[in-house]
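Student: The following block contains a protein sequence and its predicted model.
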Amino acid sequence: MVAASTKNIHRLKSSMRLSSVAPGKVTGPKVHELTSVDLAMKLHYIKGVYFFDSDAVEGLTVFDLKMSMVIHVLPLYFVAAGRIRRSETGRPFITCNDAGVRIVEARCDETVDEWLAMAVEDDSTFDGLAYNQALGETDLDFSPLVFIQFTWFKCGGMSVGISWPNVLGDALSASTFINHWGKAMAGLVPHKSLHVPDRPAKSEPPLSILPNLIPNVVKKVDSVGDLWLTPNNCKMKTHTFHVQAEKINHFLSNQRSKVSAFEVLSAIIWRALSKIKEDPEETRMVTLCTNKSREREFKFPSNGMVWSIVKADFWVAEAEVSELVELILNKREDENGMIEEVMRNNETGEKSSDFIAYGANLTFVNLEEIEIYGLELKGQKPVYANYSINGVGDEGVVLVLPGPKCGKEGDGVNGDRSVTVVMPENQLAQLKVELKRNWSIA
């Protein structure tokens, strides 16, 4: 199966055609200053893939797909069509020069159903459907920030893939961007500009405090220069677990507190990985990444997630799931402010460093509110959609997302969930066994 999917992806790449689209009106001389949290995310990339059947895309042409982006979307999201530059001090920023978003067209010899069937066993099948290029792989000054890929299948269906740099905004920003494109395709043109969030005020803490500002949620790595990519020490693999609504509701009914699927699923996986790890100390501390703003539709792309740490003072592998849920709910420590200060201090050092956040510790990302099934073409939702992250550190990341049936058929907020895991290959294999044996999660 793995060899087959690799061959299919190779054929897919050989069919690709690349072009660019820019805002339909001139943006003018604008600069988008990146926050310290933005820069802490610069080695990570958001990947999203949406599958549509033939009825949803029948009659659509590449010209149709591009023009709604040109006329309606990019004039709002002009920053997505910009390019990275550096100030005299070396700090990166985005110049909004209308250089464009890269469009990728590809054709596939399989049907949508055949491709999804391959992905059940090997999520790397999705890799060929969201273009993979790090900032700086071509000259950083000329590297596109955003790639949109349209892949046509032999059944007449199509997938839409988005590759979005985390330095530009988080996964909710990426999802909102592509959903705006879907609305523009349907003629639902927004009549307002995007709200630009206030930048955090720069404060200068006393020098005596700076040495103590070491956030646990990020890990320092060697400076990458103008190629915004960092290697792993082991082979990383991706897998998506599908958890049905009935099982979600069963999990939630067993909790003493009012919790979401995110807290329970995170606790289950945290405990399972603690059993797998050779050194239990490695999983005493985990990172949580949660959304702090429910309204994103008309907001400028940003990194608006809350980064916090949770520490257990007991053996996680021997704990009850309910104990870990309580810990996740009540003992998290917000570290966004520390990230801001450390990144600011890092710029003034003799030798700057870069950082990773996802996978610096085992990282749980709450994307339950992301509207990945909010992208519609001709009034139809995707038959399947999923998000993942590239550039994850060796400790791995777990994304909790809405599943295909979330919110449908009376399930309410407690519908299906997709849990996408990126971690070292050997640990992932053991996690699959542990979750299937003890929790019937596959």
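Tutor: Okay, I see it. These numbers come from a predicted model, not from an experiment.

Student: quick one, phi psi at the residue nearest in space to the middle of the chain?
Tutor: Centre of the chain computed as the mean C-alpha position; nearest residue by C-alpha atoms, centre = their mean is Ile46, 3.7 Å away. The phi/psi pair for Ile46 (degrees, to the nearest 10) reads phi -90, psi 130.

Student: Spell out the secondary structure type for the closest residue to it other than its chain neighbours.
Tutor: Closest residue to Ile46 apart from its sequence neighbours, by C-beta to C-beta, 6 or more residues apart in numbering: Trp164 at 4.3 Å. C-beta coordinates here come from the backbone N, C-alpha and C atoms, glycine included. What DSSP: H, G, I helix; E, B strand; the rest coil gives for Trp164 is strand.

Student: quick one: contacts for Trp164?
Tutor: Going by C-beta atoms under 8 Å, 6 or more residues apart in numbering, Trp164 touches Tyr45, Ile46, Lys47, Gly48, Leu145, Val146, Ala171, Ser173, Ala174, Phe177.

Student: From the residues you listed, which land in helices?
Tutor: Those of those mapping onto helices are Ala171, Ser173, Ala174, Phe177, per DSSP state H.

Student: I figured the third one hits Val167, correct?
Tutor: Think Ala174. No: using C-beta atoms under 8 Å, Ala174 is not in contact with Val167; the gap is 11.9 Å.

Student: any low-confidence regions in the stretch 251-400 of the chain?
Tutor: Along the stretch 251-400 of the chain, segments meeting pLDDT under 70 span 293-297, 347-352.

Student: mind listing the helices for it?
Tutor: With helices called from DSSP state H, counting those that start in this stretch, the stretch 251-400 of the chain shows them at 261-276, 321-330, 336-347.

Student: Tell me which of the ones you listed is the most buried.
Tutor: Neighbour counts (mean count of other C-beta atoms under 10 Å) averaged over each of these peak at helix 261-276, with a mean of 23.

Student: just checking, what packs against that helix?
Tutor: With contacts defined as 3 or more C-beta pairs under 8 Å, 6 or more residues apart in numbering; DSSP states H and E, helix 261-276 has these neighbours: helix 245-253, strand 285-291, helix 321-330, strand 363-366, strand 397-402, strand 417-424, helix 425-439.

Student: need the contact list for Leu288.
Tutor: Taking C-beta under 8 Å, 6+ apart, we find Leu288 in contact with Ser266, Val306, Trp307, Ser308, Ile309, Val310, Ile328, Arg332, Thr363, Phe364, Asn366.

Student: Just give the closest residue to it, not the sequence neighbours.
Tutor: Nearest residue to Leu288, sequence neighbours excluded (C-beta to C-beta, 6+ apart): Ser308, at 4.9 Å.

Student: swap in Glu326?
Tutor: Nearest one to Glu326, counting by C-beta to C-beta, 6+ apart, is Ser257 at 6.7 Å.

Student: how near is the one you found to Leu327?
Tutor: 11 Å (C-beta to C-beta, to the nearest Å).

Student: Neighbours of the residue nearest to Leu288, how many?
Tutor: By other C-beta atoms under 10 Å, 20 other residues sit near Ser308.

Student: need the contact list for it.
Tutor: By C-beta under 8 Å, 6+ apart, the contact set of Ser308 is Val217, Thr287, Leu288, Cys289, Thr290, Arg332, Glu333, Asp334, Glu335.

Student: isn't there a helix covering Phe241?
Tutor: No: Phe241 is assigned strand when assessed by three-state DSSP, not a helix.

Student: so who does it touch?
Tutor: Ser418, Val419, Thr420, Val421, Leu435, Ile441, Ala442.

Student: Let me see the confidence value for it.
Tutor: For Phe241, the model assigns a pLDDT of 95.
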